[in-house]
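> What follows is a predicted structure for the sequence shown.
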Amino acid sequence: MIAITKVSKQLYIQVLIAIVAGVLLGHFYPSLGEALKPFGDGFIRLVKMVIAPVIFVSLTLGIAHMSDLKKVGRIATKALIYFLIFSTLALIIGLMVANLLKPGAGLNIDPSALSSEGIKDYTTKAHGSSITDFLIKIIPDTLLSPLVGENILQVLLVSILLGVALVLTKEKSQKVTDFLEAVSAPIFKIVHLLMKLAPIGAFGAMAFTIGKFGLGSVMNLIFLVATFYITAALFIVIVLGLVAYYNGFNIFKLLRYLKEEILLVLGTSSSEAALPGLMDKLKKAGCSQTIVGLVVPTGYSFNLDGTNIYMTLAALFIAQACNIELSIEKQMMLLLVAMISSKGAAGVTGAGFITLAATLAIVPEIPIAGMTLILGIDKFMSECRALTNVIGNAVATVVVANWEKQLDKVQLQNCLNGIETTKQS
């Protein structure tokens, strides 16, 4: 009895129970499930409330504690190179799987019969996702405005600038650094308190999803959904697994260590819900504060492995469903456009569907109205996108920390093996 009580108090068990309960409620009482949408939305908004302060404090202090600014630039460069390589690889894998399995073949959809009315909101948001617009979005209106917004890129810019300034004025700015150190403790305590509400958020979000869309809504496109989930799983196990093995850790142990964050993403379909907890876990696992503060938030905008697999897979699914033959040259063009648009829409809520709209808007061969074919199942696919993105960024952080020799490998193995430790990075 004591053992059962102890297990039931663990957050990941509570979230898992909440997800199952949400699915059952949404299935048997769909109207009630839809009515619980505010629980999921409310929890995600609470988490978004602390994302900017968490990133700001972590990254600013991480840079402030480093005396060598060249090292900061080197870390950022290595992280971006890693992101570029694996994001491109994810796009290529999605393209290869779509060509191999052809999930859209046989639907014989007439493109002229498709209406884009249902995706109007997404296509509207996709406009302005160009590189120029992206560069404009990265620069905030004021130095403090990013702290009251939700644009991660702007928070990164301000944090880096302040961190560099604190290094350059180290003696005069020590009080500022001390203040940020003092502020970081209550900020992360707020995060821990909010995480206690995770089961409620997961329950509400899952009940709404199943209540509104139903389990049956996925059956007519089950092959596409299954193809995406299997492809993402193989990407995690094989590609990221090999990267993890080469860098001295086990991908399955990392997944077990991050089980609370993974279940939270599964329940809420939001990778943002896991960001504060992910940063905290990676620091406890031996990654330096500078690496975590720089790589994780940047990865949330530039290292979207799950989203990239989805983009090329979904784009070719629409083309196949509409009997549109794309030559190798056209597919390479699709790949290049997807590489750009996935960065251009970084930081936009619902980026997966929006970046797909932005990509198709530039590739005229595939009708953008074809997105209506997958609109009904996108909610189910968003969970897999978010899960793959979070896991990909966790692996990237440990790898970059290892490259920079800012990884406590003993601490990492202790955490991955479930050995209790009090050491903090």
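That came in fine, so what should we check first?
> give the contact list for the residue nearest to Val395 when sequence neighbours are not counted.
In space, not counting the residues next to it along the chain, Val395 is nearest to Leu240; the distance is 4.9 Å by C-beta to C-beta, 6 or more residues apart in numbering. Bear in mind the C-beta positions are built from the backbone N, C-alpha and C, glycine included. If you count contacts by C-beta atoms under 8 Å, 6 or more residues apart in numbering, Leu240 has them with Ile251, Asp305, Ile391, Gly392, Val395.
> Out of these, which end up buried?
Among those, the ones that count as buried by 16 or more other C-beta atoms under 10 Å are Ile251, Asp305, Ile391, Gly392, Val395.
> what separates the first one from Tyr245, distance-wise?
Per C-beta to C-beta, to the nearest Å, Ile251 is found 8 Å from Tyr245.
> Quick check: pLDDT value at the residue nearest to Val395.
pLDDT, Leu240: 94.
> May I have the phi/psi pair for it?
Main-chain dihedrals, Leu240, degrees, to the nearest 10: phi -70, psi -30.
> Then Lys102?
When quoted as degrees, to the nearest 10, the phi and psi of Lys102 stand at phi 50, psi 60.
> Can you report how many residues neighbour it?
Per other C-beta atoms under 10 Å, the neighbour tally for Lys102 reads 15.
> And the helices in the stretch 1-150 of the chain?
Listed from the start of the chain, the stretch 1-150 of the chain has helices (DSSP state H, counting those that start in this stretch) covering 2-8, 11-28, 30-35, 37-64, 69-101, 120-126, 131-138.
> so what does the helix or strand where Leu264 lies touch, helix or strand wise?
Leu264 belongs to helix 259-268 when assigned by DSSP states H and E. Identification of packing neighbours for helix 259-268 by 3 or more C-beta pairs under 8 Å, 6 or more residues apart in numbering; DSSP states H and E yields helix 11-28, helix 37-64, helix 198-213, helix 275-284, helix 378-403.
> and of the ones you listed, who's closest to Ser301?
Ranking the helices and strands packed on helix 259-268 by distance to Ser301, with C-beta to C-beta as the measure, places helix 378-403 first at 10.1 Å.
> any idea which helix or strand comes after the closest one?
The first helix or strand that comes after helix 378-403 along the chain, using DSSP H and E, is helix 409-416.
> How far away from the center of its chain is that following helix?
Mean-position distance between helix 409-416 and its chain equals 24 Å (C-alpha atoms, centre = their mean, to the nearest Å).
> which SS class is Lys170?
coil (DSSP: H, G, I helix; E, B strand; the rest coil).
> Using PDB, list the CA coordinates for stretch 199-214.
These are the backbone C-alpha positions of stretch 199-214, laid out as PDB (Å, rounded to 0.1, in the frame of the first residue of the first chain):
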ATOM      1  CA  PRO A 199      -2.200  16.400 -14.600                       C
ATOM      2  CA  ILE A 200      -5.200  18.900 -14.700                       C
ATOM      3  CA  GLY A 201      -3.800  20.500 -17.900                       C
ATOM      4  CA  ALA A 202      -3.200  17.100 -19.600                       C
ATOM      5  CA  PHE A 203      -6.700  15.900 -18.600                       C
ATOM      6  CA  GLY A 204      -8.400  18.900 -20.000                       C
ATOM      7  CA  ALA A 205      -6.400  19.100 -23.200                       C
ATOM      8  CA  MET A 206      -6.900  15.400 -24.000                       C
ATOM      9  CA  ALA A 207     -10.600  15.400 -23.100                       C
ATOM     10  CA  PHE A 208     -11.100  18.300 -25.500                       C
ATOM     11  CA  THR A 209      -9.100  16.700 -28.300                       C
ATOM     12  CA  ILE A 210     -10.900  13.400 -28.200                       C
ATOM     13  CA  GLY A 211     -14.300  15.100 -27.500                       C
ATOM     14  CA  LYS A 212     -14.100  17.400 -30.500                       C
ATOM     15  CA  PHE A 213     -12.300  15.300 -33.100                       C
ATOM     16  CA  GLY A 214     -13.200  11.800 -31.800                       C
END
